[in-house]
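Engineer: No sequence on hand, only this structure:
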């Protein structure tokens with residue numbers, strides 16, 4: 001299947017709030033989760049992603065996952081198919097716990113042009129999707145005769161925006177890439193380099209950078225920079241720490257360099273980002 005052939009069917013969209021970790025479960029249709037408040041961790045074996053306001057996760061049917069909140073956490077859950085083949089099933093499909101009698105996903109799709117859609121996609125700053133997602137919620141709540149065709153177009157727009165934004169590489173299928181990502185996630189606050197990462201893994205710097213680039217379409221330096229900025233955005237929206245302190249906490253060597261990189265990624269300064277995303 002190609003993205004051009006995608007004609008999504010929106011089955012349901014609902015707001016949820018949880019305070020306790022969820023069991024390991026899987027859905028029989030595809031899902032998009034958008035987090036509106038709180039923080040925590042999303043685990044989809046063997047990966048782990050930080051959750052906070054304005055993050056989103058898009059993942060296919062059948063993938064086992066769990067959510068571990070730090071406290072109360074709220075999110076929107078959008079259940080959908082990539083085709084209209086099962087549009088006669090309009091009621092939400094219940095979640096299934098890992099270990100129970102296995103149930104087959106309603107629709108199993110393999111994208112050939114955008115293979116990233118065949119695995120989970122983590123969107124650390126998904127605020128650009130919120131208007132479209134809110135419109136889908138509003139339309140589905142109103143329940144007009146044309147709501148599902150209208151929501152189908154909105155959801156395809158959301159999916160295209162996600163693919164244009166760029167995706168965080170999944171470490172699920174390559175142990176060497178997994179090791180690189182783990183090292184970055186554990187040491188991003190330090191002044192690490194490709195040479196140091198390569199030495200830790202007993203490989204040549206050129207080899208690990210090419211491996212990572214081939215796998216993720218990002219160099220190690222680009223991903224390290226990306227991950228640092230994602231962590232910085234989290235601190236900006238969830239803490240009152242001074243911006244210059246956050247700069248050093250996430251591994252940048254000067255506030256000027258931090259601000260320059262932050263503006264390139266988010267389009268606004270760290271101060272402006274804090275004012276827009278701070279929690280009340």
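Structural biologist: Everything's here; your move. All figures in this text were calculated on a predicted structure; none of them were measured in a lab.

Engineer: can we go C-alpha only for contacts and neighbour counts from here?
Structural biologist: OK.

Engineer: Going by neighbour count, which residues in stretch 16-33 are buried?
Structural biologist: Under the neighbour-count criterion of 16 or more other C-alpha atoms under 10 Å, stretch 16-33 has 24-33 buried.

Engineer: tell me which element the residue most central in space within the chain falls in.
Structural biologist: For the chain, the residue sitting closest to the mean C-alpha position, by C-alpha atoms, centre = their mean, is residue 122 at 1.6 Å. Assigned by DSSP states H and E, residue 122 belongs to strand 121-123.

Engineer: Would you tell me what the next helix or strand after that strand is?
Structural biologist: Downstream of strand 121-123, the first helix or strand assigned by DSSP H and E is helix 130-142.

Engineer: which residues sit against that next one?
Structural biologist: 12-14, 147-148, 151, 154-155, 157-158 (C-alpha atoms under 8 Å, 6 or more residues apart in numbering).

Engineer: ok, 7 Å please
Structural biologist: Applying C-alpha atoms under 7 Å, 6 or more residues apart in numbering, the contact partners of helix 130-142 are 13, 147, 151, 154, 158.

Engineer: I figured the residue nearest to the centre of the chain was touching residue 52, is that so?
Structural biologist: No - contact between residue 122 and residue 52 fails when scored by C-alpha atoms under 7 Å: they sit 11.9 Å apart.

Engineer: What are the boundaries of the strands in the protein?
Structural biologist: Assigned by DSSP state E, the strands in the chain fall at 9-18, 25-26, 30-37, 40-44, 47-51, 56-59, 66-69, 73-81, 96-97, 121-123.

Engineer: per-residue confidence averaged over the fifth one?
Structural biologist: Per-residue pLDDT values across strand 47-51 average out to 82.

Engineer: Walk me through which strands it pairs with, and which way each runs.
Structural biologist: Taking DSSP bridges as the criterion, strand 47-51 forms sheet pairs with strand 40-44 (antiparallel).

Engineer: Can you list the neighbours in contact with the partner strand?
Structural biologist: Contact with strand 40-44 is made by 48-52, 64-70, as judged by C-alpha under 7 Å, 6+ apart.

Engineer: Kindly reformat these as a markdown table containing distance to residue 143 and neighbour count.
Structural biologist: Shown next, in a markdown table, are the contacts of strand 40-44 (distance: C-alpha to C-alpha, whole Å; neighbours: other C-alpha atoms under 10 Å):
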| residue | distance to residue 143 | neighbour count |
| --- | --- | --- |
| 48 | 36 | 16 |
| 49 | 34 | 17 |
| 50 | 34 | 17 |
| 51 | 31 | 27 |
| 52 | 30 | 27 |
| 64 | 31 | 19 |
| 65 | 30 | 21 |
| 66 | 31 | 17 |
| 67 | 30 | 22 |
| 68 | 33 | 19 |
| 69 | 32 | 21 |
| 70 | 35 | 15 |
